[in-house]
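A.B. asks: Task: produce atomic coordinates for the following.
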Amino acid sequence: MTVEQLLAFGVIGAMMVVFISGKVRYDLVAAGALLVSVIIGIVPADQAFSGFSDDIVIIVGSALLVSAAVSRSGIMELAIQRFAPNITAPRLQLLLLVTLVAALSAFVKNIGALAIMIPIAFQMARRSKVSPSMFLMPMAFAALLGGLMTQVGTSPNVIVSRLREELTGVSFKMFDFAPMGVVLAIAGVIFLSLFYWLLPARKREGLSVNDAIEIKNYTTEATVPADSSAVDKTVSALQKLAEGRAMITSIVSSRGRRRTPLPDAVIRSGDRLALEGEPEALDKMVAQGGLRLNEGRRARGVDIITVEAIIGPNSPLVGTTASDFQLFERTRINLLAIARRERRFSERLSQIRFEAGDVMLLRGNREGMAEQLRELDCMPLAERNLQLGSVRNRIVPLAILAVAIAVTALGILPVSVAFFAAAVAMVATGSIGTRDIYRQLDGTILIMLAALIPISDSLRSTGATDVIATWLSSIAMGLPPWAALGLILVAAMAVTPFLNNAATVLVMAPIAATFATNLGLRPEAFLMAVAIGAGSDFLTPIGHQCNTLVMGPGGYKFGDYWRLGLPLSILVVLIAVPLLQVVWPV
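C.D. replies: Numbers count the residues shown, from 1 in each chain. All right, here's what the predicted structure looks like:
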């Protein structure tokens, strides 16, 4: 090996050791490795930042925004409520999620299937009171397995089909991958559902100050319009939407008659409800119940925010009500809800008399909000990403995502362009606020990816991949067909974290074809082994964008992936090698 090849292997090996140790932030490790690679000459200076424009970075960043917009729409909450209202056992939830992701990934890009299901995973995790990390990595692995079932499910299958056509004149067809892919997907889903406990429970790192402030007893007021889905339903049915985190504290009819909110009390059109609970739960009850929040006139503007603020002792609000003070008329700020320690309200929101220390949930224009709070002697606690009572379009985000998936499946646009366009459309249609864009983008993950891409490419540019190919060829020539198949499959699995799956196929497929020719065997099984190995990247978060996508939301560490991924990789090898010889005789 040349000095440059040794240096390339050394940099990547050292970087992996630091990654696995988990003692230094991943983006800092990757950035440092990139600088070292430039200094020692294995990455050209003019290629150092090529990763920032790479498709993988664009795909992951865009998918994070698209997933956040779909989650924000509330459509996934409705889907859970309609189709899986009683599934609360975490293992059953996991089985449902990984099965759906695997099935979707057979026909749409696996990153798209995963983006659709991530919001559902968060909702189910909240319902069953478990960490989302229990669901997200198994879902990412299921997306990779599901992509093995069809020609369009993942990039390696498409590339292998093209290479087979170049070698034999016949391409793999759409469902030629199904016999192998279906068996592996079923086995993988069963494994993930049974052995998810190999993963440690994680929480998303970098908890913000906003997340640390948690008020659980907000009181708000809503009216039941004639077209509400809550009409003629019981109090317990409406409270069920909040999953035990919000309740109805009083009911006042349209004629002013007060009723006790017993569980079997029936809700009528025109009823005015006092609601108490966590802001997100109140939001869910209002949105899914079709209620109308009583917030008076709506604040208008292009940059409306929702803020929590605490009333100071010298505030002019103390001793008055929102109605008496004419809060909206004087400040253009709406009072959405109010919370007071160890106090439950049953009166109308506008008639609650303010006290020092009360926490208010306020909505208004960003411009002027700080000045108004200063004049009211109210200290802002946190800005909340809440839509409590606001009108939201549930169909547009899902339609945008569906179009993005469709144009990629039909080959009209590449995945990077389609998902970038979808992210732009989400912002343009207001499906995600402009202030939320950079909050949803996980900078740590994106910087890590962008820095790693030119480092990984140094294996190819220095000829290190040729060294690997020569080594594999010399070993495989003395092996029986089943062992050669296993070697190719394992080598593809080992290489794909560093080259990405498409590059792995381009490097390994010619080697596999050469094996078959030199051994006097048919090439199909070996090409299939390359596709399966390149599509089965379960060991690191950096080889496939599905793994990267769940790293931040799941709070995973670099070394978490092999805990679940290594036994799954072994399972894939044990099943695939004998099955390949049956489906594609050598």
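
A.B. asks: Look up how far residue 308 lies from residue 131.
C.D. replies: According to C-beta to C-beta, to the nearest Å, residue 131 stands 25 Å off from residue 308. The way it works is simple: take the backbone N, C-alpha and C, and place the C-beta from them, glycine included.

A.B. asks: who has more neighbours, those two?
C.D. replies: The neighbour count for residue 131 versus residue 308, taken as other C-beta atoms under 10 Å, is higher for residue 308 (24 against 17).

A.B. asks: Just the element for the nearest residue to the more buried one once chain neighbours are set aside, please.
C.D. replies: Using C-beta to C-beta, 6 or more residues apart in numbering and skipping residues adjacent in sequence, the residue nearest residue 308 is residue 381, 4.3 Å away. Applying DSSP states H and E as the criterion places residue 381 in strand 378-384.

A.B. asks: Secondary structure class of residue 221, three-state.
C.D. replies: Secondary structure for residue 221, judged by DSSP: H, G, I helix; E, B strand; the rest coil, is strand.

A.B. asks: what is it paired to in the beta sheet?
C.D. replies: residue 274 (DSSP bridges).

A.B. asks: List the residues that contact it.
C.D. replies: By C-beta atoms under 8 Å, 6 or more residues apart in numbering, residue 221 lies in contact with 272-275, 293-294, 348-350.

A.B. asks: same question, residue 154
C.D. replies: 105, 109-110, 144, 147-148, 501, 535.

A.B. asks: Would you mind measuring from residue 124 to residue 117?
C.D. replies: Taking C-beta to C-beta, one finds residue 124 at 10 Å from residue 117.

A.B. asks: list residues touching both of the two?
C.D. replies: In contact with both residue 124 and residue 117: residue 97, using C-beta under 8 Å, 6+ apart.

A.B. asks: for the chain, what spans make up the strands?
C.D. replies: Taking DSSP state E as the test, the strands found in the chain are 218-223, 246-252, 258-259, 272-277, 292-293, 304-311, 334-339, 359-365, 378-384.

A.B. asks: Student question: in this structure, what's the helix or strand with minimum average pLDDT?
C.D. replies: helix 209-212 (a mean of 43; mean pLDDT, DSSP states H and E).

A.B. asks: For the stretch 151-300 of the chain, which segments count as helices?
C.D. replies: Using DSSP state H, counting those that start in this stretch, the helices found in the stretch 151-300 of the chain span residues 155-168, 178-195, 209-212, 235-240, 279-288.

A.B. asks: rewinding a little: from the contacts of residue 221, which has minimum pLDDT?
C.D. replies: pLDDT is lowest at residue 294 among those; the value there is 66.

A.B. asks: so residue 444 makes contact with residue 25?
C.D. replies: Yes. Contact criterion C-beta atoms under 8 Å: residue 444 and residue 25 qualify, at 6.7 Å.

A.B. asks: Between those two, point out the one with more neighbours.
C.D. replies: residue 444 (16 against 13).

A.B. asks: Spatially nearest residue to the more buried one, not counting backbone neighbours?
C.D. replies: residue 27 (4.7 Å).

A.B. asks: contacting residues around the one you found?
C.D. replies: 443-445, 447-448, 451.

A.B. asks: Residue 357 now?
C.D. replies: 310-311, 340-341.

A.B. asks: close enough to count as contact, residue 368 and residue 307?
C.D. replies: No. The criterion here is C-beta under 8 Å, and residue 368 misses it with residue 307 at 11.9 Å.

A.B. asks: Distance of the residue positioned nearest the centre of the chain relative to residue 64?
C.D. replies: Centrality entry for the chain: nearest residue to the mean C-alpha point is residue 118, 4.4 Å, by C-alpha atoms, centre = their mean. From residue 118 over to residue 64 the distance is 9 Å, taken as C-beta to C-beta.

A.B. asks: Now list whatever residues contact both of the two.
C.D. replies: By C-beta under 8 Å, 6+ apart, the residues touching both residue 118 and residue 64 are residue 549.

A.B. asks: where in the stretch 301-450 of the chain is pLDDT low?
C.D. replies: 301-303, 382-394, 409, 433-435, 442 (pLDDT under 70).

A.B. asks: residue ranges of the helices in the stretch 351-500 of the chain, please?
C.D. replies: 366-375, 395-409, 415-428, 437-440, 443-461, 464-476, 481-499.

A.B. asks: Pipe those helices into CSV and attach distance to residue 95 per row.
C.D. replies: Formatted as CSV, the helices of the stretch 351-500 of the chain follow (distance: least, C-beta to C-beta, whole Å):
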stretch, distance to residue 95
helix 366-375, 44
helix 395-409, 24
helix 415-428, 28
helix 437-440, 28
helix 443-461, 28
helix 464-476, 38
helix 481-499, 25
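
A.B. asks: Looking at the ones you listed, which is nearest to residue 548?
C.D. replies: With C-beta to C-beta, the closest approach to residue 548 among those belongs to helix 443-461: 5.9 Å.

A.B. asks: Compare residue 368 and residue 307 (neighbour count), which wins?
C.D. replies: Taking neighbours as other C-beta under 10 Å, residue 368 and residue 307 compare with residue 307 leading, 22 against 13.
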